[in-house]
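Trainee: Mind folding the following:
(2 chains)
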Amino acid sequence: MKSFHSVTSRALVLDRPDVDTDQIIPKQFLKRIERSGFGEFLFFDWRKDPAFELNQPEAQGAHILITGRNFGCGSSREHAPWALEDYGFEAIVAPSYGDIFRQNSLKIGLLPVELPAEQVKALMERARAGDELTVDLEARTAGGFPFELDDFARRCLLEGLDDVALTLLQEDALAAYEASHTAPISTLTI
Amino acid sequence: MGLTLLDKVWESHVAQRVAGQPDLLYVDLHLVHEVTSPQAFESLRLAGRPVRRPDLTLATMDHNVATGDDTPIDPLSEQQLGALARNCEEFGVPLYATGSGREGIVHVIGPELGLTQPGLTIVCGDSHTSTHGALGALAFGIGTSEVEHVLATQTLQQRKPHSLRIRFVGELPDGVGAKDIVLAAIGRLGVDGGVGHVIEYAGPVIEGLSMEGRLTICNMSIEAGARAGLIAPDDVTYAYLEGRPGVPRGSDWDAAVARWRELPTDDDAVFDRELEIDVSELRPQVTWGTNPGMVVPLDGVVPDPQDIADPDARAAAERALTYMALEPGTPIQEIGVDRVFIGSCTNSRIEDLRTAAAVVRGRHVHPSVRALVVPGSAQVKLQAEAEGLDRVFTDAGFEWRRAGCSMCLGMNPDVLGPGERCASTSNRNFEGRQGAGGRTHLVSPSVAAATAIAGRFADARDLVPV
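Mentor: Numbering: from 1, shown residues only, chains lettered A, B, ... in the order given. Model (predicted):
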């Protein structure tokens, strides 16, 4: 996984709640069998509207997305964080996230920052005024506001750890569990 | 202090617990489909890693498959289905491919095969994995990185979610069913009301539901933002499972049932949150907007955003009405539809088809409507045909299709055209979900069937008798 330390840039403001992963990357782009190249299809249908936030000149070069509550709700498609990351976003700031989206983002090095709604609104105002913002994972701050992220997830991001490799190091624990628990089913024998 | 069903399933699956880290949760059943798995298999291949437990893994083809003969699937879908077949072959994962007789929507075939059992942990690269919780399994959706993690290690790094119990009480009125119950609950909770939680559905109303109804309810847990839905196993569960291919037989069956009887939440267990919903006055539900929480009773009207206090929610409602081309105050029953879709992992099981067929029998689809019925699995299709339901539907002017996800998500030839309005038994009314520019209204199988006949949203009880 790509590591993340901090990012300083202009921010795209998408001030709406409940942005679902179907909007972030529509279904017709889920048929690719690669992990890369999804950025050009980010917000595919919404981008057809010239007034859409991502189409504005001030959105160009933004590596931070500030948005409303429950961002990334809906489908489990990891293609949504892949598309955001491929487009150039490195961090998202929102009051809350869809659980699966949040988890998927952490797994690919895209930092989902959670802040209280009023602080998110305050950052939106600063971003609209053209301010650059800094999201700093070392310090756990976004635009100066402290945010919470558990130490384990933070370390994985800072070090860009491969969590499959990490788990495979626990082979003794996995083998012990398997030895003490008979599998209740078998998909090979039905 | 007693334990919840969630506590019991979670604690018995912790393969490793280290302070300050997520638990390593062991996975009993990993379901795989063509859309969210190719990149995971590719990563295994690049790292030279095997699938740790092919015997706890099962793949099928559902999202991209063609359900009719009129339009073939596109080359990219062919490529993705081919990749699944090759990956399963290479890694030794059993696959129920199209034509195998056991294929179908992944969340329909798990319970149907008896692989979904009480007390198991089940994951799949699909958010509607919550469905399987209806049998008392802890089941949730994961992304492709986690699919890779499960393939390689049979575990997930997970923090235990919070618990929320919703007790449904009261007498369920005639003509109102599981879909209406869950849509109303999402309307009450909001689409983010369950974030970070596992919802246990409980109370006399849930105990009185069939297995199919319980599957419908747990299926839509994710639409309230919840990680998973759970229903305690009981005699309904055991009667549903007994004799299915994946369950134990003889004395092993008796032992399994005895274990399962220990799973329900203890009387003195404490939940992080509790909610009670009285269904006595519940009416059939219809969504009007672009998320499943935007829902009103069938005999209601399109709401006015000006009545919504929260500015973000008001703006979202205004955008939704523009997208849906609806005016505030319009009676729902005056809204005409172009398409009706009966299917999806929410409502494509035999009971759903029986309910719809009972409404349709002896009637005919309205001339302005194109309606389709897509059974959830090859087995459901066979059973429906054995009961003559296919003839009931085709005689009424419905198209009768092969199993698949079909028009739930528009990844196959079954899509809405721009501006088309659809009454759908599926689970998501997001913008463009069923096809770019398409307008989706979520309803129960009964309302979908009645709407196909009337050409506008209708209650089966109001149709002209035949």
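Trainee: Show me the helices in chain A, by range?
Mentor: A:21-24, A:79-87, A:99-108, A:117-128, A:151-159, A:163-168, A:171-180 (DSSP state H).
Trainee: Including mean pLDDT, could those go into JSON lines?
Mentor: Output for the helices of chain A, formatted as JSON lines (pLDDT from 0 to 100):
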{"stretch": "helix A:21-24", "mean pLDDT": "98"}
{"stretch": "helix A:79-87", "mean pLDDT": "98"}
{"stretch": "helix A:99-108", "mean pLDDT": "97"}
{"stretch": "helix A:117-128", "mean pLDDT": "98"}
{"stretch": "helix A:151-159", "mean pLDDT": "96"}
{"stretch": "helix A:163-168", "mean pLDDT": "95"}
{"stretch": "helix A:171-180", "mean pLDDT": "98"}
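Trainee: Can you add mean neighbour count and give those back as CSV?
Mentor: Any C-beta I mention is one placed from the backbone N, CA and C, and that applies to glycine too. Formatted as CSV, those follow (neighbours: other C-beta atoms under 10 Å in any protein chain shown):
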stretch, mean neighbour count
helix A:21-24, 24
helix A:79-87, 25
helix A:99-108, 25
helix A:117-128, 17
helix A:151-159, 16
helix A:163-168, 18
helix A:171-180, 13
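Trainee: got a markdown table for these, with distance to chain B too?
Mentor: Converted to a markdown table, the helices of chain A look like this (distance: least, C-beta to the nearest C-beta, whole Å):
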| stretch | distance to chain B |
| --- | --- |
| helix A:21-24 | 4 |
| helix A:79-87 | 8 |
| helix A:99-108 | 4 |
| helix A:117-128 | 9 |
| helix A:151-159 | 5 |
| helix A:163-168 | 5 |
| helix A:171-180 | 4 |
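Trainee: need the contact list for residue B:249.
Mentor: Counting by C-beta atoms under 8 Å, 6 or more residues apart in numbering or on different chains, residue B:249 touches no other residue.
Trainee: For stretch B:452-466, give the mean pLDDT please.
Mentor: Across stretch B:452-466, pLDDT averages out at 96.
Trainee: and stretch B:384-402, which residues are buried?
Mentor: B:384, B:389-390, B:392-393, B:396-402 (16 or more other C-beta atoms under 10 Å in any protein chain shown).
Trainee: Next, the contact list for residue A:162, please.
Mentor: Taking C-beta under 8 Å, 6+ apart, we find residue A:162 in contact with residue A:1.
Trainee: which strand is the longest one in chain B?
Mentor: Criterion DSSP state E: the longest strand present in chain B is strand B:162-169.
Trainee: Tell me which other helices or strands that strand touches.
Mentor: Secondary-structure packing of strand B:162-169 (3 or more C-beta pairs under 8 Å, 6 or more residues apart in numbering or on different chains; DSSP states H and E): strand B:197-202, helix B:204-207, strand B:273-278.
Trainee: buried set for the stretch of helix or strand residue B:182 belongs to?
Mentor: In the assignment (DSSP states H and E), residue B:182 maps to helix B:178-189. Under the neighbour-count criterion of 16+ other C-beta under 10 Å, helix B:178-189 has B:178-187, B:189 buried.
Trainee: So which of those residues is the closest to residue B:247?
Mentor: residue B:178 (23.5 Å; C-beta to C-beta).
Trainee: Find the nearest non-adjacent residue to the closest one, please.
Mentor: Leaving aside its sequence neighbours, residue B:178 sits nearest to residue B:213 (C-beta to C-beta, 6 or more residues apart in numbering or on different chains; 3.5 Å).
Trainee: try residue B:25
Mentor: residue B:158 (4.7 Å).
Trainee: Tell me what that neighbour is bridged to.
Mentor: Beta-bridge partners recorded for residue B:158 (DSSP bridges): residue B:23.
Trainee: Now do the contacts for residue 5.
Mentor: Reading this off chain A. Contact analysis of residue A:5 by C-beta under 8 Å, 6+ apart lists A:136-138, A:158.
Trainee: wrong one, I was asking about chain B
Mentor: By C-beta under 8 Å, 6+ apart, the neighbours of residue B:5 are B:136, B:200, B:230, B:232, B:263-265.
Trainee: likewise residue B:255?
Mentor: Residue B:255 neighbours (C-beta under 8 Å, 6+ apart): residue B:248.
Trainee: Could you measure from it over to residue B:241?
Mentor: 14 Å (C-beta to C-beta, to the nearest Å).
Trainee: swap in residue B:199?
Mentor: Counting by C-beta to C-beta, the gap from residue B:199 to residue B:241 is 22 Å.
Trainee: And residue B:337, by the same measure?
Mentor: Counting by C-beta to C-beta, the gap from residue B:337 to residue B:241 is 37 Å.
Trainee: out of the two, which sits in the more crowded spot?
Mentor: Shown here are residue B:337 and residue B:241; by other C-beta atoms under 10 Å in any protein chain shown, residue B:337 has more neighbours (26 against 23).
Trainee: re the thing from before, Serialize the helices of chain A to JSON lines and add fields for distance to residue B:442.
Mentor: Shown next, in JSON lines, are the helices of chain A (distance: least, C-beta to C-beta, whole Å):
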{"stretch": "helix A:21-24", "distance to residue B:442": "14"}
{"stretch": "helix A:79-87", "distance to residue B:442": "22"}
{"stretch": "helix A:99-108", "distance to residue B:442": "20"}
{"stretch": "helix A:117-128", "distance to residue B:442": "28"}
{"stretch": "helix A:151-159", "distance to residue B:442": "34"}
{"stretch": "helix A:163-168", "distance to residue B:442": "36"}
{"stretch": "helix A:171-180", "distance to residue B:442": "40"}
